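K.L.:
Sequence first, predicted coordinates after that:
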Amino acid sequence: MRPRTSGTHVCVIGYGAAGRLHQRLLSDLGFDVSVVDPAPGAPTGAVPVFDRVGQAAAHRPVDVWSVCSPTATHVAAVADVLTVDPAARLLVEKPLCRTWEIPELTSLLDRHPDARLVVMDQYRHSQAMAMLRTLRRELAPRHALRAVRVGFGKDRRADIAAGRFVDHDYGVFGYEWLHMLALVRGALPAATYDSYMGTSPEACALRVATDPELTSTAAHEQTVADTVDIELYSTIVGPDPSGQVAEPAWFDLPDTAGESRQRRVEVLAGPVRFGLDLDPVTLPRGTRLPRNTHRLAVEGPGLRREWLIHDSPLDNALRWSVAALLSPAGPPGLDLRGVARIGLLAETAHPAPRPPSVRT
């Protein structure tokens with residue numbers, strides 16, 4: 001599904017890290033892009049910049065609004081857009097909202113039945129993950145799925161010290177967990193994923209590294225759904241320096257020179273192991289592969305193969321999202337289970353009273 005680009009006006013709300021990335025990629029894809037952000041540092045020159053959404057809408061009709069402001073402002077931003085554009089097409093970065101804001105957001109959308117909204121869910125559109133699924137069907141057709149493991153790690157301490165990427169609402173679950181859930185969803189049969197999402201966090205083996213300032217910094221969840229072992233692991237401080245959560249053996253990847261990010265998917269089907277390392281990827285001797293290059297390896301009895309895949313899930317997701325929003329059929333319904341789940345996990349790991357929504 002490819003959207004028309006030339007002449008399609010996308011207005012990016014918020015010009016932080018996500019907003020700058022959306023603005024650059026959407027411009028590269030051929031969309032006409034403007035920005036709403038009153039703060040200094042917004043783009044100048046060819047990109048029109050406005051202080052408020054009303055100014056952007058008055059300047060020129062907006063085909064798609066891309067909400068890239070901080071998560072705590074998403075509901076307010078959506079409400080502001082719907083005030084000036086009741087039939088708006090909205091693309092919202094993840095997380096869509098804070099868990100306790102779900103009723104407010106759904107009520108807001110119910111009051112604007114002509115509006116459409118999709119969530120930026122880039123790893124739902126990973127071609128590398130699609131290739132893993134295809135190879136599992138071809139190379140292990142008679143073997144039952146035994147395990148799905150997904151791990152995302154990054155040492156964010158320098159960013160956190162500078163006041164960037166600090167999530168006091170969800171802790172570690174607010175950074176990469178929704179991306180990992182998207183990959184788990186891509187690896188599991190639909191019914192098994194539904195079964196997994198229906199499990200209570202209390203029924204899982206969940207270890208969390210708590211932190212008095214950052215809420216939590218690492219987490220490892222283990223559970224079983226329909227006989228499939230499911231594991232998710234994430235850290236925002238590198239290998240947990242507190243020792244509260246050990247890095248699982250399957251996530252012990254080679255260090256990438258100058259890069260702390262690691263993104264790993266492992267799928268076991270009978271005796272066959274499928275391992276997907278998502279960008280950034282480093283070869284055994286330390287060579288960093290080009291950006292958006294992923295490595296997929298398969299090992300089993302008499303079987304050892306490897307592929308390098310060039311793919312940008314973010315580009316794929318932007319194209320799909322705009323096309324879905326502008327298509328006559330519209331996008332599929334919202335799936336809010338992921339937002340609800342990370343809220344439950346955060347609450348289970350670190351119970352605390354939640355503040356009221358930014359809107360009443």
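P.N.:
Here it is on my side, so go on.

K.L.:
Can you list the helices and strands that the strand ranked longest in the chain packs against?
P.N.:
What stands out as the longest strand in the chain, according to DSSP state E, is strand 215-225. For strand 215-225, the packing partners by 3 or more Cβ pairs under 8 Å, 6 or more residues apart in numbering; DSSP states H and E come out as helix 190-197, strand 205-211, strand 228-235, helix 337-349. Every C-beta, even on glycine, is put in place using the N, C-alpha and C of the backbone.

K.L.:
residues of the first one that come out buried?
P.N.:
By neighbour count, with 16 or more other Cβ atoms under 10 Å as the criterion, the buried positions of helix 190-197 are 192-193, 195-197.

K.L.:
Run through the residues that contact Arg304.
P.N.:
297-298 (Cβ atoms under 8 Å, 6 or more residues apart in numbering).

K.L.:
Isn't Val67 up against Ile13?
P.N.:
Yes - look at Val67 against Ile13 with Cβ atoms under 8 Å: they come within range, at 4.9 Å.

K.L.:
which neighbours do these two share?
P.N.:
77, 81.

K.L.:
Run me through the strand neighbours of the longest strand of the chain, direction for each.
P.N.:
With DSSP bridges as the test, strand 215-225 is paired with strand 205-211 (antiparallel), strand 228-235 (antiparallel).

K.L.:
Residues touching the first one, excluding its own?
P.N.:
Okay, so that is strand 205-211. So strand 205-211 is contacted by 171-172, 216-223, 235, 237, 240, 242, 244-245, 345, 348-350 (Cβ under 8 Å, 6+ apart).

K.L.:
redo that, cut-off 10 Å
P.N.:
171-173, 215-224, 231-233, 235-237, 240-246, 345-346, 348-350 (Cβ atoms under 10 Å, 6 or more residues apart in numbering).

K.L.:
Count residues in the vicinity of Ala128, would you?
P.N.:
25 (other Cβ atoms under 10 Å).

K.L.:
Kindly apply the preceding question to Leu303 instead.
P.N.:
Using other Cβ under 10 Å, Leu303 has 12 other residues around it.

K.L.:
Can you tell me the closest non-neighbouring residue to Trp307?
P.N.:
Sequence neighbours aside, Leu296 is the residue nearest to Trp307 in space, at 4.7 Å (criterion: Cβ to Cβ, 6 or more residues apart in numbering).

K.L.:
Could you pull up the residues touching Gly174?
P.N.:
Applying Cβ under 10 Å, 6+ apart, the residues contacting Gly174 are 71, 94-95, 98, 165-168, 215-216, 236, 342-343, 346.

K.L.:
Now name the helix or strand holding Ser27.
P.N.:
Element membership of Ser27, judged by DSSP states H and E, is helix 17-28.

K.L.:
so how far is that helix off the chain centroid?
P.N.:
16 Å (Cα atoms, centre = their mean, to the nearest Å).

K.L.:
Would you tell me what the next helix or strand after that helix is?
P.N.:
strand 32-36.

K.L.:
Quickly run through the sheet partners of that following strand, with directions.
P.N.:
When DSSP bridges is applied, strand 32-36 pairs with strand 9-13 (parallel), strand 49-50 (parallel).

K.L.:
Once you drop chain neighbours, what's closest to Asn201?
P.N.:
Quick fix: residue 201 is Pro, not Asn. Per Cβ to Cβ, 6+ apart, closest to Pro201 is Thr348, 4.3 Å.

K.L.:
Let me know the distance separating that neighbour from Ser216.
P.N.:
11 Å (Cβ to Cβ, to the nearest Å).

K.L.:
Neighbour count for those two, which is higher?
P.N.:
Ser216 (23 against 15).

K.L.:
Tell me the bridge partners for the more buried one.
P.N.:
Bridge pairing for Ser216 - DSSP bridges - gives Thr210.

K.L.:
follow-up on the earlier one: wouldn't the residue nearest to Trp307 be in contact with Arg264 here?
P.N.:
No - taking contacts as Cβ atoms under 10 Å, Leu296 lies outside contact range of Arg264: 11.5 Å.

K.L.:
residues shared between the contacts of these two?
P.N.:
With Cβ under 10 Å, 6+ apart as the test, Leu296 and Arg264 both reach 275-278.

K.L.:
tell me which of the residues you listed is nearest to Val81?
P.N.:
Of all the shared contacts of Leu296 and Arg264, Val81 sits closest to Leu278, with 32.1 Å by Cβ to Cβ.
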